[in-house]
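Engineer: My questions are about this predicted structure, shown below with the sequence.
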Amino acid sequence: MQADLDVLRDEVLLRAADSGRPIVDAMLALVERVDLHPLVRRVIVEGSPKDLQLVQSHALFADTTRAVAHVLAHRQAAGTLSSAVSADTLALGMETIVFALVLSVVRAGMASTPGRVDAVIALLEAALGGPPTAEERGR
């Protein structure tokens with residue numbers, strides 16, 4: 001399963017690489033492409049809590065979480081985002097929401113309701129200070 005997750009991660013990173021919204025597009029690519037990876041999809045649909053923890057601990061999520069934490073720390077240092085909560089905690093919260101979104105789309109068959117994905121993106125952007133700036137995208 002690790003190999004299938006690695007391929008999915010590479011596909012997600014490729015889609016987000018030249019994006020103006022790399023984190024958002026990475027999340028969208030993950031939601032859209034998980035169905036193209038039968039083993040990952042089966043584990044998400046049928047897997048035990050331990051299996052799901054294995055998926056969530058994969059670099060697919062961890063790398064994005066680190067990147068988000070870096071951007072949020074920069075925003076906090078610049079005063080454009082409250083520093084009441086650590087950037088690492090906010091990034092972990094975002095990871096949890098994205099993973100829950102993937103579970104919802106795959107397990108509950110919600111792929112036919114893309115408005116939910118857009119709503120989650122809008123919520124995260126509003127909560128975390130808006131979409132990435134040109135400077136943040138250049139990192």
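Structural biologist: Arrived safely.

Engineer: Go ahead and list the helix or strand containing the residue nearest the centre of the chain.
Structural biologist: For the chain, the residue nearest the mean C-alpha position is M27 (4.2 Å; CA atoms, centre = their mean). Element membership for M27, per DSSP states H and E: helix 22-33.

Engineer: Go ahead and confirm L92 touches T65.
Structural biologist: Yes - counting by CB atoms under 8 Å, L92 touches T65, with 6.3 Å between them. C-betas here are computed from N, CA, C, even on glycine.

Engineer: Between the two, which is the more surrounded one?
Structural biologist: Using other CB atoms under 10 Å, the more surrounded residue of L92 and T65 is T65, with 21 against 15.

Engineer: my guess is that one meets T96, correct?
Structural biologist: No - the criterion here is CB under 8 Å, and T65 misses it with T96 at 9.4 Å.

Engineer: one step back: mean confidence (pLDDT) on the helix holding M27, please.
Structural biologist: With pLDDT averaged residue by residue, helix 22-33 scores 79.

Engineer: Can you tell me which helices and strands that helix packs against?
Structural biologist: If you count contacts as 3 or more CB pairs under 8 Å, 6 or more residues apart in numbering; DSSP states H and E, helix 22-33 packs onto helix 2-17, helix 59-78, helix 87-107, helix 115-127.
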